[in-house]
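> below: sequence and its predicted model.
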Amino acid sequence: MAPRISRLRPLLDQIQRTQRRAASQAASEVSAIRPENGTVIFSGIQPTGIPHLGNYLGALQNWKRLQNEAEPGTKLLYSIVDLHAITLPQQAPMLRQWKREMLAALLAVGLDPERSSIFYQSSVPGHSELMWILSCTASMGYLSRMTQWKSKLHLADDVSALDEKAKASLKLGLFSYPVLQAADILVHRATHVPVGEDQRQHLEFARECATNFNHTFGAGSRLLVPPETILSPAKRIMSLQTPTSKMSKSDTDPRSRILLTDSADEIRKKIMAAKTDSAANAVSYDRTGRPGVSNLLELWASFDAAGRSPEALAAGMAEGKGSLKDLKVQVADVLVEEIPPIGERYRAFLERDGGRYLDEVEARGAAVAIANAAETMEIVKRAVGLSN
Ligand code: AMP
Ligand code: TRP
(Lines give C-alpha, C1' and ligand atoms only; values in the text may rest on other atoms or scores of the structure.)
(Ligands and ions follow the chains in the order given, each with its own letter.)
Protein backbone atom coordinates (compact mmCIF):
# COMPACT_ATOMS: atom_id res chain seq x y z
CA MET A 1 0.00 0.00 0.00
CA ALA A 2 2.68 2.46 1.06
CA PRO A 3 4.68 2.46 -2.21
CA ARG A 4 1.46 2.98 -4.12
CA ILE A 5 0.60 6.11 -2.14
CA SER A 6 4.10 7.45 -2.47
CA ARG A 7 3.84 7.09 -6.22
CA LEU A 8 0.54 8.92 -6.14
CA ARG A 9 1.91 11.66 -3.90
CA PRO A 10 3.08 14.05 -6.65
CA LEU A 11 -0.27 13.70 -8.36
CA LEU A 12 -2.20 14.31 -5.13
CA ASP A 13 -0.01 17.33 -4.39
CA GLN A 14 -0.67 18.64 -7.86
CA ILE A 15 -4.44 18.23 -7.45
CA GLN A 16 -4.35 19.95 -4.08
CA ARG A 17 -2.33 22.82 -5.49
CA THR A 18 -4.77 23.25 -8.37
CA GLN A 19 -7.72 23.20 -5.99
CA ARG A 20 -6.08 25.71 -3.68
CA ARG A 21 -5.28 27.93 -6.63
CA ALA A 22 -8.85 27.74 -7.96
CA ALA A 23 -10.23 28.61 -4.52
CA SER A 24 -7.88 31.54 -4.00
CA GLN A 25 -8.56 32.76 -7.52
CA ALA A 26 -12.30 32.79 -7.02
CA ALA A 27 -11.92 34.49 -3.65
CA SER A 28 -9.72 37.17 -5.13
CA GLU A 29 -12.03 38.26 -7.93
CA VAL A 30 -14.85 40.73 -7.77
CA SER A 31 -16.86 42.44 -10.45
CA ALA A 32 -17.41 45.72 -8.61
CA ILE A 33 -16.28 47.52 -5.48
CA ARG A 34 -16.86 50.91 -3.97
CA PRO A 35 -13.35 52.25 -3.40
CA GLU A 36 -12.96 53.59 0.14
CA ASN A 37 -10.29 54.92 2.43
CA GLY A 38 -7.27 52.60 2.26
CA THR A 39 -8.14 51.17 -1.15
CA VAL A 40 -5.31 51.39 -3.65
CA ILE A 41 -6.34 50.94 -7.28
CA PHE A 42 -3.63 50.25 -9.83
CA SER A 43 -3.85 49.33 -13.48
CA GLY A 44 -1.72 49.53 -16.59
CA ILE A 45 -2.10 49.71 -20.34
CA GLN A 46 0.51 49.33 -23.04
CA PRO A 47 1.23 52.28 -25.33
CA THR A 48 0.69 50.41 -28.56
CA GLY A 49 -1.59 52.75 -30.49
CA ILE A 50 -4.89 54.52 -30.08
CA PRO A 51 -7.27 52.48 -27.90
CA HIS A 52 -10.22 50.74 -29.58
CA LEU A 53 -13.70 50.02 -28.28
CA GLY A 54 -12.52 46.73 -26.75
CA ASN A 55 -9.88 48.52 -24.69
CA TYR A 56 -12.42 51.15 -23.72
CA LEU A 57 -15.18 48.79 -22.62
CA GLY A 58 -12.83 46.09 -21.31
CA ALA A 59 -10.61 48.39 -19.28
CA LEU A 60 -10.70 52.18 -19.49
CA GLN A 61 -14.40 52.66 -18.79
CA ASN A 62 -13.95 50.67 -15.60
CA TRP A 63 -10.93 52.79 -14.59
CA LYS A 64 -13.03 55.92 -14.99
CA ARG A 65 -15.95 54.45 -13.07
CA LEU A 66 -13.69 53.50 -10.16
CA GLN A 67 -12.21 56.99 -10.14
CA ASN A 68 -15.62 58.62 -10.15
CA GLU A 69 -16.99 56.41 -7.38
CA ALA A 70 -13.88 56.51 -5.19
CA GLU A 71 -14.30 57.90 -1.71
CA PRO A 72 -11.70 60.29 -0.30
CA GLY A 73 -8.63 58.41 0.88
CA THR A 74 -8.61 56.06 -2.14
CA LYS A 75 -5.35 56.04 -4.09
CA LEU A 76 -5.73 55.72 -7.86
CA LEU A 77 -2.68 54.96 -9.99
CA TYR A 78 -2.81 54.33 -13.72
CA SER A 79 0.35 53.55 -15.64
CA ILE A 80 1.24 53.58 -19.32
CA VAL A 81 3.47 50.54 -19.30
CA ASP A 82 6.23 51.40 -21.76
CA LEU A 83 8.67 48.85 -20.32
CA HIS A 84 6.14 46.15 -21.12
CA ALA A 85 5.77 47.53 -24.66
CA ILE A 86 9.44 46.85 -25.41
CA THR A 87 9.04 43.12 -24.73
CA LEU A 88 8.24 43.08 -28.45
CA PRO A 89 10.31 45.07 -30.99
CA GLN A 90 9.35 48.78 -31.14
CA GLN A 91 10.63 51.72 -33.14
CA ALA A 92 11.80 54.50 -30.84
CA PRO A 93 9.96 57.41 -32.57
CA MET A 94 6.70 55.40 -32.63
CA LEU A 95 7.02 54.40 -29.00
CA ARG A 96 7.56 58.05 -28.01
CA GLN A 97 4.49 59.09 -29.98
CA TRP A 98 2.29 56.26 -28.70
CA LYS A 99 3.11 57.04 -25.06
CA ARG A 100 1.84 60.60 -25.50
CA GLU A 101 -1.18 59.42 -27.46
CA MET A 102 -2.15 56.97 -24.74
CA LEU A 103 -1.81 59.67 -22.12
CA ALA A 104 -4.09 61.97 -24.15
CA ALA A 105 -6.55 59.08 -24.62
CA LEU A 106 -6.71 58.36 -20.89
CA LEU A 107 -7.53 62.00 -20.19
CA ALA A 108 -10.04 62.07 -23.06
CA VAL A 109 -12.03 59.12 -21.68
CA GLY A 110 -12.36 60.96 -18.39
CA LEU A 111 -9.43 60.22 -16.11
CA ASP A 112 -8.88 63.32 -14.03
CA PRO A 113 -5.27 64.09 -13.03
CA GLU A 114 -6.55 65.77 -9.86
CA ARG A 115 -7.85 62.40 -8.69
CA SER A 116 -5.81 59.80 -10.57
CA SER A 117 -2.03 59.70 -10.87
CA ILE A 118 -1.21 58.88 -14.49
CA PHE A 119 2.43 58.13 -15.32
CA TYR A 120 4.82 56.28 -17.57
CA GLN A 121 6.10 53.06 -16.01
CA SER A 122 9.70 53.93 -16.93
CA SER A 123 9.46 57.18 -14.92
CA VAL A 124 9.24 55.16 -11.70
CA PRO A 125 12.41 53.09 -11.07
CA GLY A 126 10.72 51.08 -8.30
CA HIS A 127 8.86 49.01 -10.90
CA SER A 128 11.97 47.51 -12.48
CA GLU A 129 13.86 47.37 -9.20
CA LEU A 130 11.16 45.29 -7.53
CA MET A 131 10.86 43.19 -10.67
CA TRP A 132 14.46 42.06 -10.26
CA ILE A 133 13.92 41.10 -6.64
CA LEU A 134 10.71 39.21 -7.43
CA SER A 135 12.42 37.42 -10.30
CA CYS A 136 14.74 35.83 -7.76
CA THR A 137 11.82 33.92 -6.25
CA ALA A 138 9.61 33.55 -9.36
CA SER A 139 9.35 30.01 -10.66
CA MET A 140 10.40 29.27 -14.25
CA GLY A 141 7.92 26.39 -14.29
CA TYR A 142 5.00 28.69 -13.49
CA LEU A 143 6.11 31.27 -16.05
CA SER A 144 6.57 28.57 -18.65
CA ARG A 145 2.94 27.48 -18.22
CA MET A 146 1.58 31.00 -18.80
CA THR A 147 -0.03 31.63 -22.15
CA GLN A 148 0.81 35.17 -23.21
CA TRP A 149 4.38 34.66 -24.41
CA LYS A 150 3.18 31.72 -26.49
CA SER A 151 0.35 33.63 -28.12
CA LYS A 152 2.61 36.65 -28.81
CA LEU A 153 5.06 34.35 -30.57
CA HIS A 154 2.28 32.34 -32.28
CA LEU A 155 3.37 29.12 -30.56
CA ALA A 156 1.17 26.23 -29.43
CA ASP A 157 -0.25 26.39 -25.89
CA ASP A 158 1.66 23.29 -24.76
CA VAL A 159 5.11 24.42 -25.90
CA SER A 160 7.77 24.76 -23.19
CA ALA A 161 10.24 27.64 -22.87
CA LEU A 162 13.11 25.28 -23.59
CA ASP A 163 11.66 23.76 -26.78
CA GLU A 164 13.74 24.49 -29.86
CA LYS A 165 10.93 26.52 -31.42
CA ALA A 166 10.59 28.72 -28.36
CA LYS A 167 14.32 29.15 -27.83
CA ALA A 168 14.69 30.56 -31.33
CA SER A 169 12.40 33.51 -30.72
CA LEU A 170 11.66 33.87 -27.00
CA LYS A 171 13.40 36.78 -25.28
CA LEU A 172 13.93 36.92 -21.54
CA GLY A 173 11.89 40.15 -21.28
CA LEU A 174 8.80 38.63 -22.89
CA PHE A 175 9.13 35.49 -20.77
CA SER A 176 9.36 37.52 -17.56
CA TYR A 177 6.62 39.98 -18.58
CA PRO A 178 4.34 38.72 -15.77
CA VAL A 179 7.06 39.37 -13.16
CA LEU A 180 7.25 43.02 -14.21
CA GLN A 181 3.46 43.20 -14.13
CA ALA A 182 3.48 41.74 -10.61
CA ALA A 183 6.06 44.36 -9.60
CA ASP A 184 3.87 47.15 -11.05
CA ILE A 185 1.06 46.09 -8.79
CA LEU A 186 2.99 45.11 -5.66
CA VAL A 187 5.30 48.13 -5.60
CA HIS A 188 2.22 50.32 -5.12
CA ARG A 189 0.64 47.99 -2.55
CA ALA A 190 -2.44 47.88 -4.79
CA THR A 191 -5.45 46.29 -3.11
CA HIS A 192 -7.51 46.15 -6.32
CA VAL A 193 -6.57 45.85 -9.99
CA PRO A 194 -9.22 46.45 -12.66
CA VAL A 195 -8.48 44.42 -15.82
CA GLY A 196 -10.15 42.48 -18.61
CA GLU A 197 -10.65 38.70 -18.56
CA ASP A 198 -7.42 38.04 -20.44
CA GLN A 199 -5.36 39.35 -17.51
CA ARG A 200 -6.69 36.87 -14.95
CA GLN A 201 -3.67 34.63 -15.17
CA HIS A 202 -1.27 37.53 -14.66
CA LEU A 203 -3.13 38.70 -11.59
CA GLU A 204 -3.07 35.25 -10.08
CA PHE A 205 0.68 35.20 -10.67
CA ALA A 206 1.03 38.58 -8.92
CA ARG A 207 -0.80 37.19 -5.89
CA GLU A 208 1.53 34.21 -5.91
CA CYS A 209 4.58 36.53 -6.04
CA ALA A 210 3.29 38.46 -3.02
CA THR A 211 2.58 35.34 -0.97
CA ASN A 212 5.89 33.82 -1.99
CA PHE A 213 7.79 36.92 -0.99
CA ASN A 214 5.99 37.24 2.34
CA HIS A 215 6.68 33.60 3.06
CA THR A 216 10.36 33.77 2.11
CA PHE A 217 11.30 37.10 3.67
CA GLY A 218 8.63 38.00 6.18
CA ALA A 219 7.78 34.74 7.95
CA GLY A 220 4.31 35.12 6.43
CA SER A 221 3.72 38.75 7.49
CA ARG A 222 2.12 41.12 4.98
CA LEU A 223 5.20 42.84 3.55
CA LEU A 224 3.62 42.83 0.11
CA VAL A 225 -0.14 42.95 -0.43
CA PRO A 226 -1.80 40.23 -2.56
CA PRO A 227 -4.15 42.18 -4.84
CA GLU A 228 -7.75 41.48 -5.73
CA THR A 229 -8.82 41.44 -9.36
CA ILE A 230 -11.74 43.59 -10.46
CA LEU A 231 -12.99 42.01 -13.65
CA SER A 232 -14.52 44.43 -16.07
CA PRO A 233 -18.31 43.99 -16.40
CA ALA A 234 -18.03 44.21 -20.20
CA LYS A 235 -17.51 40.86 -21.87
CA ARG A 236 -14.97 40.43 -24.64
CA ILE A 237 -15.76 42.84 -27.43
CA MET A 238 -15.45 40.98 -30.71
CA SER A 239 -14.07 41.96 -34.10
CA LEU A 240 -16.66 43.58 -36.38
CA GLN A 241 -15.39 41.50 -39.29
CA THR A 242 -14.64 38.15 -37.60
CA PRO A 243 -16.99 38.15 -34.62
CA THR A 244 -15.54 34.89 -33.31
CA SER A 245 -12.22 36.57 -32.44
CA LYS A 246 -11.77 39.53 -30.15
CA MET A 247 -11.43 43.09 -31.37
CA SER A 248 -7.70 43.66 -31.48
CA LYS A 249 -5.06 46.22 -32.40
CA SER A 250 -3.15 43.61 -34.35
CA ASP A 251 -5.97 42.68 -36.76
CA THR A 252 -4.83 43.68 -40.26
CA ASP A 253 -8.33 44.81 -41.25
CA PRO A 254 -9.02 48.32 -39.88
CA ARG A 255 -12.77 47.76 -40.37
CA SER A 256 -12.59 45.12 -37.64
CA ARG A 257 -12.32 47.73 -34.89
CA ILE A 258 -13.57 51.16 -33.91
CA LEU A 259 -10.93 53.50 -32.55
CA LEU A 260 -11.73 56.12 -29.95
CA THR A 261 -10.58 58.72 -32.49
CA ASP A 262 -12.84 57.57 -35.35
CA SER A 263 -15.16 60.18 -36.87
CA ALA A 264 -18.94 59.79 -36.89
CA ASP A 265 -18.71 58.91 -40.55
CA GLU A 266 -16.08 56.19 -40.01
CA ILE A 267 -18.05 54.70 -37.13
CA ARG A 268 -21.23 54.53 -39.19
CA LYS A 269 -19.43 52.88 -42.13
CA LYS A 270 -17.77 50.27 -39.91
CA ILE A 271 -20.96 49.35 -38.09
CA MET A 272 -23.03 49.17 -41.29
CA ALA A 273 -20.33 46.87 -42.78
CA ALA A 274 -20.15 44.66 -39.66
CA LYS A 275 -20.46 40.91 -40.34
CA THR A 276 -23.64 39.39 -38.94
CA ASP A 277 -25.18 36.20 -40.33
CA SER A 278 -27.88 34.97 -42.64
CA ALA A 279 -29.66 32.83 -40.04
CA ALA A 280 -32.58 35.25 -40.01
CA ASN A 281 -33.17 38.89 -40.73
CA ALA A 282 -34.60 39.27 -37.23
CA VAL A 283 -32.66 40.23 -34.13
CA SER A 284 -31.93 37.73 -31.37
CA TYR A 285 -29.22 37.37 -28.73
CA ASP A 286 -27.21 34.16 -28.92
CA ARG A 287 -23.50 34.56 -28.31
CA THR A 288 -22.45 31.22 -29.73
CA GLY A 289 -25.04 30.81 -32.48
CA ARG A 290 -25.07 34.46 -33.65
CA PRO A 291 -21.77 36.05 -32.56
CA GLY A 292 -21.95 39.04 -34.93
CA VAL A 293 -25.49 40.07 -34.00
CA SER A 294 -24.79 39.46 -30.30
CA ASN A 295 -21.63 41.58 -30.41
CA LEU A 296 -23.63 44.51 -31.82
CA LEU A 297 -26.22 44.05 -29.08
CA GLU A 298 -23.50 44.04 -26.45
CA LEU A 299 -21.96 47.20 -27.82
CA TRP A 300 -25.34 48.86 -27.64
CA ALA A 301 -25.97 47.58 -24.10
CA SER A 302 -22.58 48.88 -22.92
CA PHE A 303 -23.70 52.41 -23.72
CA ASP A 304 -27.39 52.12 -22.97
CA ALA A 305 -28.41 54.90 -20.61
CA ALA A 306 -31.28 52.79 -19.26
CA GLY A 307 -28.85 49.95 -18.50
CA ARG A 308 -30.79 47.37 -20.52
CA SER A 309 -29.17 43.98 -21.13
CA PRO A 310 -28.37 42.71 -24.65
CA GLU A 311 -31.21 40.19 -24.21
CA ALA A 312 -33.68 42.95 -23.37
CA LEU A 313 -32.53 45.06 -26.31
CA ALA A 314 -32.91 42.05 -28.62
CA ALA A 315 -36.41 41.38 -27.31
CA GLY A 316 -37.35 45.04 -27.92
CA MET A 317 -36.05 44.88 -31.49
CA ALA A 318 -37.85 41.59 -32.17
CA GLU A 319 -41.09 43.03 -30.84
CA GLY A 320 -40.86 46.01 -33.19
CA LYS A 321 -39.98 43.62 -36.07
CA GLY A 322 -36.61 45.37 -36.44
CA SER A 323 -34.27 43.97 -39.11
CA LEU A 324 -30.51 43.47 -38.81
CA LYS A 325 -30.08 46.73 -40.71
CA ASP A 326 -32.30 48.51 -38.17
CA LEU A 327 -30.10 47.09 -35.41
CA LYS A 328 -26.97 48.44 -37.11
CA VAL A 329 -28.52 51.88 -37.50
CA GLN A 330 -29.41 51.85 -33.78
CA VAL A 331 -25.92 50.79 -32.70
CA ALA A 332 -24.28 53.33 -35.01
CA ASP A 333 -26.50 56.10 -33.58
CA VAL A 334 -25.50 55.20 -30.03
CA LEU A 335 -21.78 55.02 -30.83
CA VAL A 336 -21.82 58.24 -32.86
CA GLU A 337 -23.20 59.98 -29.81
CA GLU A 338 -20.54 58.56 -27.43
CA ILE A 339 -17.27 58.19 -29.34
CA PRO A 340 -16.59 61.35 -31.41
CA PRO A 341 -16.59 63.64 -28.32
CA ILE A 342 -13.80 61.45 -26.90
CA GLY A 343 -11.85 61.96 -30.14
CA GLU A 344 -12.31 65.72 -29.92
CA ARG A 345 -11.04 65.86 -26.36
CA TYR A 346 -8.14 63.60 -27.34
CA ARG A 347 -6.98 66.00 -30.07
CA ALA A 348 -7.35 68.99 -27.75
CA PHE A 349 -5.25 67.31 -25.01
CA LEU A 350 -2.49 66.42 -27.47
CA GLU A 351 -2.18 70.05 -28.54
CA ARG A 352 -2.83 71.81 -25.24
CA ASP A 353 -0.01 74.27 -24.45
CA GLY A 354 1.99 72.96 -27.38
CA GLY A 355 2.13 69.51 -25.73
CA ARG A 356 3.43 70.80 -22.40
CA TYR A 357 0.17 70.06 -20.61
CA LEU A 358 0.64 66.32 -21.12
CA ASP A 359 4.23 66.52 -19.82
CA GLU A 360 3.01 68.31 -16.69
CA VAL A 361 0.25 65.79 -16.02
CA GLU A 362 2.75 62.95 -16.36
CA ALA A 363 5.37 64.62 -14.17
CA ARG A 364 2.81 65.16 -11.40
CA GLY A 365 1.56 61.57 -11.65
CA ALA A 366 5.11 60.20 -11.66
CA ALA A 367 6.06 62.22 -8.56
CA VAL A 368 3.19 60.65 -6.60
CA ALA A 369 4.05 57.18 -7.91
CA ILE A 370 7.77 57.56 -7.14
CA ALA A 371 7.02 58.46 -3.53
CA ASN A 372 4.49 55.65 -3.20
CA ALA A 373 6.85 53.04 -4.66
CA ALA A 374 9.76 54.25 -2.51
CA GLU A 375 7.85 53.36 0.66
CA THR A 376 7.43 49.76 -0.50
CA MET A 377 11.03 49.51 -1.70
CA GLU A 378 12.24 50.48 1.75
CA ILE A 379 10.25 47.63 3.33
CA VAL A 380 11.36 45.19 0.63
CA LYS A 381 15.05 46.06 0.76
CA ARG A 382 15.12 45.79 4.53
CA ALA A 383 13.37 42.41 4.46
CA VAL A 384 15.75 40.99 1.86
CA GLY A 385 18.83 42.35 3.60
CA LEU A 386 19.78 44.83 0.93
CA SER A 387 19.55 47.73 3.37
CA ASN A 388 19.57 48.30 7.11
P1 AMP B 1 -4.27 45.17 -25.02
O2 AMP B 1 -4.27 46.37 -25.86
O3 AMP B 1 -4.71 43.94 -25.73
O4 AMP B 1 -2.98 45.01 -24.26
O5 AMP B 1 -5.39 45.39 -23.92
C6 AMP B 1 -5.47 46.47 -23.04
C7 AMP B 1 -6.68 46.26 -22.15
O8 AMP B 1 -7.89 46.23 -22.92
C9 AMP B 1 -6.65 44.95 -21.35
O10 AMP B 1 -7.14 45.18 -20.03
C11 AMP B 1 -7.57 44.04 -22.10
O12 AMP B 1 -8.22 43.13 -21.24
C13 AMP B 1 -8.59 45.00 -22.71
N14 AMP B 1 -9.06 44.52 -24.02
C15 AMP B 1 -8.33 44.42 -25.16
N16 AMP B 1 -9.06 43.96 -26.18
C17 AMP B 1 -10.31 43.74 -25.67
C18 AMP B 1 -11.54 43.26 -26.24
N19 AMP B 1 -11.64 42.94 -27.52
N20 AMP B 1 -12.62 43.16 -25.43
C21 AMP B 1 -12.53 43.51 -24.12
N22 AMP B 1 -11.42 43.97 -23.53
C23 AMP B 1 -10.31 44.09 -24.29
N1 TRP C 1 -0.49 43.21 -19.19
C2 TRP C 1 -1.51 44.23 -19.22
C3 TRP C 1 -2.20 44.20 -20.59
O4 TRP C 1 -1.67 43.66 -21.53
C5 TRP C 1 -0.94 45.61 -18.97
C6 TRP C 1 -0.36 45.73 -17.59
C7 TRP C 1 0.95 45.86 -17.27
C8 TRP C 1 -1.09 45.76 -16.37
N9 TRP C 1 1.10 45.98 -15.92
C10 TRP C 1 -0.11 45.93 -15.34
C11 TRP C 1 -2.43 45.66 -16.05
C12 TRP C 1 -0.48 45.95 -14.00
C13 TRP C 1 -2.80 45.69 -14.69
C14 TRP C 1 -1.83 45.85 -13.69
O15 TRP C 1 -3.27 44.75 -20.72
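Yep, it's here. Ligands and ions are numbered 1, 2, ... in the order given.

> who's in contact with the closest residue to ligand 1 within the stretch 251-388 of the chain?
Closest approach between the stretch 251-388 of the chain and ligand 1, counting by CB to the nearest ligand atom: Arg257, at 8.2 Å. C-betas here are computed from N, CA, C, even on glycine. By CB atoms under 8 Å, 6 or more residues apart in numbering, the contact list for Arg257 reads His52, Leu53, Gly54, Ser239, Leu240, Met247, Ser248, Lys249, Asp251, Lys270.

> where does the second one land on pLDDT?
At Leu53, the pLDDT value in this model is 96.

> out of the contacts of Arg257, which end up buried?
Neighbour counting with 16 or more other CB atoms under 10 Å marks His52, Leu53, Gly54, Ser239, Leu240, Met247, Asp251, Lys270 as buried within the contacts of Arg257.

> tell me which of the residues you listed fall in helices.
Leu53, Gly54, Lys270 (DSSP state H).

> before we move on, back to that, which single one of the buried ones among the contacts of Arg257 is nearest to Arg200?
Of all the buried ones among the contacts of Arg257, Gly54 has the smallest distance to Arg200: 16.1 Å, by CB to CB.

> and the closest one, what does it touch?
With CB under 8 Å, 6+ apart, Gly54 has these contacts: Arg236, Ile237, Lys246, Met247, Ser248, Arg257.

> cool, Ser116 as well?
So Ser116 contacts Trp63, Gln67, Leu76, Leu77, Tyr78, Gly365 (CB under 8 Å, 6+ apart).

> run the last query once more with 7 Å
Each residue near Ser116 by CB atoms under 7 Å, 6 or more residues apart in numbering is listed here: Gln67, Leu76, Tyr78.

> okay, and which of those map to helices?
Using DSSP H, the members of those that fall within helices are Gln67.

> out of the buried ones among the contacts of Arg257, which is nearest to Thr39?
Gly54 (26.3 Å).

> quick one: that closest one and ligand 1, what's the gap?
Distance, Gly54 to ligand 1, by CB to the nearest ligand atom, to the nearest Å: 3 Å.

> relative to Leu299, how far out is that residue?
According to CB to CB, to the nearest Å, Gly54 stands 10 Å off from Leu299.

> please apply the same query to Val283.
Distance from Val283 to Leu299, by CB to CB: 13 Å.

> equivalent analysis for Ala363, please.
36 Å.

> in terms of neighbours, single out the busier of the two.
Leu299 (25 against 12; other CB atoms under 10 Å).

> that one touches Ala332, doesn't it?
No: under the criterion of CB atoms under 7 Å, Leu299 makes no contact with Ala332, lying 9.9 Å away.

> now do the shared contacts for Gly54 and Leu299.
Ile237.

> please enumerate the helices of the stretch 101-250 of the chain.
Using DSSP state H, counting those that start in this stretch, the helices of the stretch 101-250 of the chain run over 126-135, 140-145, 148-152, 164-169, 172-175, 177-187, 200-218.

> buried sites along the first one?
Pointing back at helix 126-135 there. Gly126, His127, Glu129, Leu130, Met131, Ile133, Leu134, Ser135.

> tabulate the residues you listed (CSV), appending pLDDT.
Formatted as CSV, these follow (pLDDT from 0 to 100):
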residue, pLDDT
Gly126, 98
His127, 98
Glu129, 98
Leu130, 98
Met131, 98
Ile133, 98
Leu134, 97
Ser135, 96
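
> tell me the one among the residues you listed nearest to ligand 2.
Ligand 2 lies nearest to His127 out of the buried residues of helix 126-135, by CB to the nearest ligand atom, at 8.7 Å.

> what mean pLDDT does stretch 278-290 get?
Average pLDDT, stretch 278-290: 93.

> kindly report the same for stretch 225-237.
Mean predicted lDDT for stretch 225-237 stands at 88.

> which bits of this structure sit near ligand 1?
45-46, 54-55, 57-59, 195-196, 198-199, 236-237, 246-247, 249 (CB under 6 Å from any ligand atom).

> try it again with 5 Å
Applying CB under 5 Å from any ligand atom, we find that the chain lies next to ligand 1 at Gln46, Gly54, Asn55, Gly58, Ala59, Val195, Gly196, Asp198, Arg236, Ile237, Lys246, Met247.

> out of these, which are buried?
Looks like these have Gln46, Gly54, Asn55, Gly58, Ala59, Val195, Gly196, Arg236, Ile237, Lys246, Met247 buried, using 16+ other CB under 10 Å.

> just give me the closest of the buried residues of helix 126-135 to Arg100.
Of these, the one sitting nearest to Arg100 (CB to CB) turns out to be His127, at 19.6 Å.

> which ones are touching the closest one?
By CB under 7 Å, 6+ apart, the contact set of His127 is Leu83, Gln121, Leu180, Ala183, Asp184, Val187, Ala373.
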